[in-house]
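> how would this look folded up:
(2 chains)
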Amino acid sequence: MDSVKDLENMRVPEPPIGQHEPLKVALTGAKKSAALGVWLVIVPLFFLGAVVMKYMYHVNLHLIDIFEEWMAHLDRDPTSRWITPVFFVILPLAGLLVNILAIAHVEYRRALRHIIITVRVKPVNILICLLSGAVVSIMLLHALTDH
Amino acid sequence: MQEEDIIRLARGDSRYFQPLFEKYYPPVKRYILRRVIDYDVANDIASETFLKALLKLSLFQWQGISFSSWVYRIATNEVNQYFRRQSYAPRRFDETLEFNGRTRLPAVHPDEEREAWERELELHEQFRRMQGVLATLPVRYQSVIALRYFEQKSIGEIAEILGIKEGTVKSLHSRGLGRIRKALEALQPGRP
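Here you go, the predicted model:
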């Protein structure tokens, strides 16, 4: 059996590659988005974690008292009142958006009148989306109940 | 416009990548289909290949390697990763042949291109047999043999695509053929 002759004479399938799938490019890279997302959500996440430790598990770290005093001070001063919403709502929201853009692609197929949303399964990005979403929700809820 | 100019523009604006995508997607996808057979897997690998090509375009240099070879290199690496991820171990050749052609895989989303590929596959029994044997070899032999006989690439082109010396390509080619010969002999009826 001559493998070389068989291979040389072999006909290979020539599949027609027609209406190929459009290149689905996410707007931002997944890894960089995940890294950015971590930085954007780390402060509120730390704060929320410390609050849970103190009020639910009665682990009283002096650090959380300092943090709470600092936030209260920021809220009292009209010139710095904008800082807590930025850290606790705007930045996590930005982290959420950046990570969604990294894994999701939206396409409108006019002929079928379909909107097709594709989400790449990237566990780290999905986790950051969930954490950011949770932080934003908790902070907005807290703001609503406070006022 | 020269390809070099399109690539330079595409580095700054991804819209310019579209002509490169349209030119190279069909041949590269055919290559991937011939290597992995499974239509859905080939689709995923082809998408990943061109996404990586777009994202890494800034790393591509016109130094002894053509853009075509560079894209084929990305595709080959993705295909090899796919085979390695399957925790590939030598299988019985006849089982491989069953998977690769005799059993029709269910089409989750039948479409023209998938059906055309399955029809093509049914008409090329010798290819299915050879691909089944090839898929049992280590990926370094698979890449060389597939590029040589499925894609009709020269030894020089294969060396450029794989980023290895021509001598190494020749060696892998020769050893790969030896393994294929042995595998085909083992498939002969009457052999254990």
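
> just the pLDDT at the residue nearest to A:Asn60 when sequence neighbours are not counted, thanks.
Spatially, and ignoring its direct neighbours in sequence, A:Asn60 is nearest to A:Lys54 (5.7 Å; CB to CB, 6 or more residues apart in numbering or on different chains). Using the backbone N, CA and C atoms, a C-beta is placed for each residue, glycine as well. At A:Lys54, the predicted lDDT confidence score is 81.

> where do the helices sit along chain B?
Along chain B, counting by DSSP state H, helices occupy B:3-12, B:17-36, B:39-55, B:67-85, B:93-97, B:112-122, B:125-134, B:139-145, B:155-162, B:166-186.

> so for A:Met71, which of those helices sits nearest?
Of all these, it is helix B:39-55 that lies closest to A:Met71, at 40.1 Å by CB to CB.

> and the gap between A:Ala34 and B:His124?
Between A:Ala34 and B:His124 the computed distance is 43 Å (CB to CB, to the nearest Å).

> what about A:Asn60, neighbour count?
A:Asn60 is flanked by 11 other residues according to other CB atoms under 10 Å in any protein chain shown.

> doesn't it belong to a helix?
No. Counting by DSSP: H, G, I helix; E, B strand; the rest coil, A:Asn60 is located in no helix; its state is coil.

> residues from chain B in reach of chain A?
For chain B, the contact set with chain A under CB under 8 Å from any CB of the partner chain comprises B:14, B:17-18, B:21, B:25-26, B:29-30, B:33-34, B:43, B:47, B:50-51, B:54-55, B:112-113, B:116-117, B:120-121, B:123-124, B:126-127, B:130, B:145, B:148-150, B:177, B:180-181, B:184-185.

> now do the SS call for A:His105.
Following three-state DSSP, the label given to A:His105 is strand.

> surely it touches B:Ser47?
No. Counting by CB atoms under 8 Å, B:Ser47 is not a contact partner of A:His105; they are 10.5 Å apart.

> neighbour count winner among the two?
Relative neighbour count places B:Ser47 above the other of A:His105 and B:Ser47, with 20 against 16, counting by other CB under 10 Å.

> from B:Glu160, how far off is B:Glu166?
Distance of B:Glu166 to B:Glu160, computed by CB to CB: 9 Å.

> in what helix or strand does A:Asn125 lie?
helix A:123-146 (DSSP states H and E).

> of all the residues in that helix, which ones are buried?
Neighbour counts over helix A:123-146 (16 or more other CB atoms under 10 Å in any protein chain shown) mark A:Val124, A:Asn125, A:Ile126, A:Ile128, A:Cys129, A:Leu131, A:Ser132, A:Gly133, A:Ala134, A:Val135, A:Val136, A:Met139 as buried.

> between the residues you listed, which is nearest chain B?
A:Asn125 (15.2 Å; CB to the nearest CB).

> ok, the closest one touching A:Ala102?
Yes. With contacts counted by CB under 8 Å, A:Asn125 reaches A:Ala102, the gap being 5.4 Å.

> who has more neighbours, A:Ala34 and B:His124?
A:Ala34 (23 against 18).

> name the element that one belongs to?
Going by DSSP H and E, A:Ala34 is in helix A:30-55.

> A:Ile116 now?
Counting by DSSP H and E, A:Ile116 is found in strand A:114-119.

> could you give the average pLDDT over that strand?
Averaging the model's pLDDT scores along strand A:114-119 yields 75.

> what about that strand and chain B, any contact?
No. Judged by CB under 8 Å from any CB, strand A:114-119 stays clear of chain B, getting no closer than 10.0 Å.

> so how far is stretch A:75-92 from its chain's centroid?
21 Å (CA atoms, centre = their mean, to the nearest Å).

> name the residues of that stretch that come out as buried.
By 16+ other CB under 10 Å, the buried positions in stretch A:75-92 come out as A:Thr84, A:Phe87, A:Phe88, A:Val89, A:Leu91, A:Pro92.

> one more: stretch B:74-87?
Neighbour-count burial for stretch B:74-87 [16+ other CB under 10 Å]: B:Ile74, B:Ala75, B:Thr76, B:Asn77, B:Glu78, B:Val79, B:Asn80, B:Tyr82, B:Phe83.

> the residues you listed into JSON lines, with extra columns for pLDDT and distance to A:Trp70?
Output for the buried residues of stretch B:74-87, formatted as JSON lines (pLDDT from 0 to 100; distance: CB to CB, whole Å):
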{"residue": "B:Ile74", "pLDDT": "94", "distance to A:Trp70": "50"}
{"residue": "B:Ala75", "pLDDT": "95", "distance to A:Trp70": "54"}
{"residue": "B:Thr76", "pLDDT": "96", "distance to A:Trp70": "56"}
{"residue": "B:Asn77", "pLDDT": "93", "distance to A:Trp70": "50"}
{"residue": "B:Glu78", "pLDDT": "92", "distance to A:Trp70": "50"}
{"residue": "B:Val79", "pLDDT": "93", "distance to A:Trp70": "55"}
{"residue": "B:Asn80", "pLDDT": "92", "distance to A:Trp70": "54"}
{"residue": "B:Tyr82", "pLDDT": "89", "distance to A:Trp70": "52"}
{"residue": "B:Phe83", "pLDDT": "88", "distance to A:Trp70": "55"}
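
> that'll do, ta.
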